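# Can you look at this prediction? I've put the sequence above it.
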Amino acid sequence: MIIIKKLKEQGQKVAILKAEVTGYQITSISLEGDFFLHPEESLKEIEKLILHYLHLQRASAISAALDSLIKKEQIELIGVTHQTIQQLAIEVYAEIFTPTIKEIEEK
Amino acid sequence: MTTWRMLPYIRQDGALNMATDEAILHAIARGQSPPTFRFYGWNPSTVTIGNFQCLKDEVHDQECHKRRVHIVRRITGGGAVYHDDQGEITYSILAPEGFFSKNIIKSYEEIISPIVNTLQEMGMPASFRPINDIHVENRKISGNAQTRKQGVLLQHGTILIDVNPEVMFELLKIDGVKMADKYVQSVKKVVTSIHEHKPQMDKEKILPLLIAHFSKNKDVIIQELSSEESANAKQLAHDKYSQEWWNNLRV
């Protein structure tokens, strides 16, 4: 299953987070959109970070972790904020781990 | 004063256009070519997508195929762009990073300023709109995208001469808009073109003005690509920019 969450904040670019999920396991993450990132190759590091924190079930720590990574690796993320990326990750997490109304009713 | 190279205007297919930019970037990085700017067109019309976009999410690829519109992924970020073979002038500028501001948004503004000045000279109230656009009366007339690799800055962008929202609707996937007429109306609110303000201006009149503004305070020579750049561009067009593995990199 692929979960897709999309966000465009005022004055910013579109950010899309796609998570490939098997059962409750997130097997891969893809961050897409019309933002800019320098260097472009750092996207892999950012996706790895998001996946790591989702596996730890700590999506709300992503913004701070991204901030550290960006400073350490001198990455420039333009048109999307760490907070937007964290929000997308939280929404992905919520969709995987929040039971549907049907599941609740069946219990 | 550093000598800049300006390439003669050319219309090429999308893969070769993008490959040419990359070939020049590598040549400048190796110290084999001078800083360069060029103006070019697209033959045939092409949709380019940004480096971080998923082709299938952004483009009606079957419709592109039907209309013989090519699709190419850029090495720069940003959004999906429809390059009409008659409707725009595209530019690229490549130089060592140290020629421009380290601050990316400032560098967009620096590089875009000759286009702003050209439009103002034509009598249009153009201005830079961060992050990477030029607006005339709050509507976008130019989009731009930048990358920095191997110590070289590449920025390319479009200057809209004419806009065809009906064709854009057929080719580009726009979220939440299912009706062509609604899309057309909304495009007209946010996008403008030179012809909307100055219908008498055509490419032949606009290009010399752009060249003059880009050349200001520069020592410019008009020169073709070197044979090595030309060969590398053809190789990159074949091995990368016309290949599915590249254009469908994000799925």
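Received the coordinates, thanks.
# When you work out contacts or count neighbours from here on, use the C-alpha atoms and nothing else.
Fine.
# number of nearby residues for residue B:234?
Residue B:234 has 19 neighbours, counted by other Cα atoms under 10 Å in any protein chain shown.
# Return the residues of chain A in contact with chain B.
Taking Cα under 8 Å from any Cα of the partner chain as the criterion, chain A approaches chain B at residues A:30, A:31, A:32, A:33, A:34, A:35, A:36, A:37, A:38, A:39, A:40, A:79.
# which ones are touching the last one?
Put plainly, it is residue A:79. Residue A:79 makes contact with A:11, A:12, A:13, A:14, A:34, A:35, A:36, B:131, according to Cα atoms under 8 Å, 6 or more residues apart in numbering or on different chains.
# Secondary structure element holding the residue lying closest to the last one once chain neighbours are set aside?
By that I understand residue B:131. Distance criterion Cα to Cα, 6 or more residues apart in numbering or on different chains; nearest residue to residue B:131, sequence neighbours excluded, is residue B:105 at 6.0 Å. Using DSSP states H and E, residue B:105 sits in helix B:104-121.
# Show me which positions of that helix end up buried.
For helix B:104-121, the neighbour count (16 or more other Cα atoms under 10 Å in any protein chain shown) marks B:104, B:107-109, B:111-119 as buried.
# Could you export these as CSV, including pLDDT?
Listed next are those as CSV, based on pLDDT from 0 to 100:
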residue, pLDDT
B:104, 95
B:107, 97
B:108, 97
B:109, 98
B:111, 98
B:112, 98
B:113, 98
B:114, 98
B:115, 98
B:116, 98
B:117, 98
B:118, 98
B:119, 98
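# name the element residue 51 belongs to?
Since you didn't name a chain, this refers to chain A. Here residue A:51 sits within helix A:43-55, counting by DSSP H and E.
# Wait, chain B was what I had in mind.
Here residue B:51 is assigned to no helix or strand, by DSSP H and E.
# what's near enough to touch it?
Residue B:51 sits next to B:73, B:74, B:75, B:76, B:77, B:78 when contact means Cα under 8 Å, 6+ apart.
# Keep only those of those that are also close to chain A.
Counting by Cα under 8 Å from any Cα, the members of the contacts of residue B:51 that reach chain A are B:76, B:77, B:78.
# Can you classify the last one by secondary structure?
So that's residue B:78. Using DSSP: H, G, I helix; E, B strand; the rest coil, the structure places residue B:78 in coil.
# Most neighbours of all the contacts of residue B:51, which one?
When neighbours are counted by other Cα under 10 Å, residue B:73 leads those with 29 neighbours.
# can you give me the strands in chain A?
A:2-8, A:14-22, A:25-33, A:36-38, A:76-78 (DSSP state E).
# Correct me if wrong: residue B:11 contacts residue B:42.
Yes: between residue B:11 and residue B:42 there is a contact under Cα atoms under 8 Å: 5.2 Å.
# Give me the more crowded residue out of the two.
Neighbours were counted for residue B:11 and for residue B:42 using other Cα under 10 Å; residue B:42 has more, 24 against 16.
# Pick out the residue nearest the middle of the chain.
Going with chain A. Nearest to the mean C-alpha position of chain A, by Cα atoms, centre = their mean, lies residue A:89 at 3.5 Å.
# switch to chain B, that's the one I care about
Residue closest to chain B centre, computed by Cα atoms, centre = their mean, is residue B:157 at 3.0 Å.
# Which residues of the stretch 51-200 of chain B lie near chain A?
So far as Cα under 8 Å from any Cα goes, the stretch 51-200 of chain B lies against chain A at B:52, B:53, B:54, B:76, B:77, B:78, B:79, B:80, B:131, B:147, B:148, B:149.
# And the pLDDT at the last one?
In this model, residue B:149 is scored at 96, pLDDT.
# got the contact list for it?
By Cα under 8 Å, 6+ apart, residue B:149 lies in contact with A:39, B:25.
# what sits opposite it in the beta ladder?
Applying DSSP bridges to residue B:149 yields these beta-bridge partners: residue B:152.
# That'll do, ta.
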